[in-house]
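> Here is the input, now give the coordinates:
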Amino acid sequence: MPNYNEVHTAVRTEKRNLWLAWAAGNVIMFLIARATRNIAVVSVVTQVLVVVVFLALTVTLFRMTSALNRKADAARREVLGE
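Alright, predicted model coming up:
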């Protein structure tokens, strides 16, 4: 069983990776929206997709972050014997 420090380091690294993936996904969608802004129908569809993807990425980010927090909490409890 890994000790609490190893779990904490892994959780912190994974959270950083999640935030970077979230930012990268949003930047990519923004660039796609900017590239299609002069095409009438495609622009509207792209803007709707940007909103949907942003919400999906944000919900996923916070769910995964919460799961990682629970994992770190369980490891802390195990180490402290609570």
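> Leaving out chain neighbours, which residue sits closest to residue 37?
Of all residues not flanking residue 37 in the chain, residue 43 sits nearest, at 5.2 Å (CB to CB, 6 or more residues apart in numbering). In short, each C-beta sits where N, CA and C put it, glycine included.
> Residues touching stretch 5-14, excluding its own?
2, 68-69, 71-72, 75-76 (CB atoms under 8 Å, 6 or more residues apart in numbering).
> low pLDDT regions in this protein?
In the predicted model, the chain carries pLDDT under 70 at residues 1-2, 82.
> how about the helices in it?
With helices called from DSSP state H, the chain shows them at 4-35, 40-80.
> With mean neighbour count added, can I get the ones you listed in TSV?
Formatted as TSV, the helices of the chain follow (neighbours: other CB atoms under 10 Å):
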stretch	mean neighbour count
helix 4-35	14
helix 40-80	13
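> measure residue 27 to residue 50 for me?
Distance, residue 27 to residue 50, using CB to CB, to the nearest Å: 11 Å.
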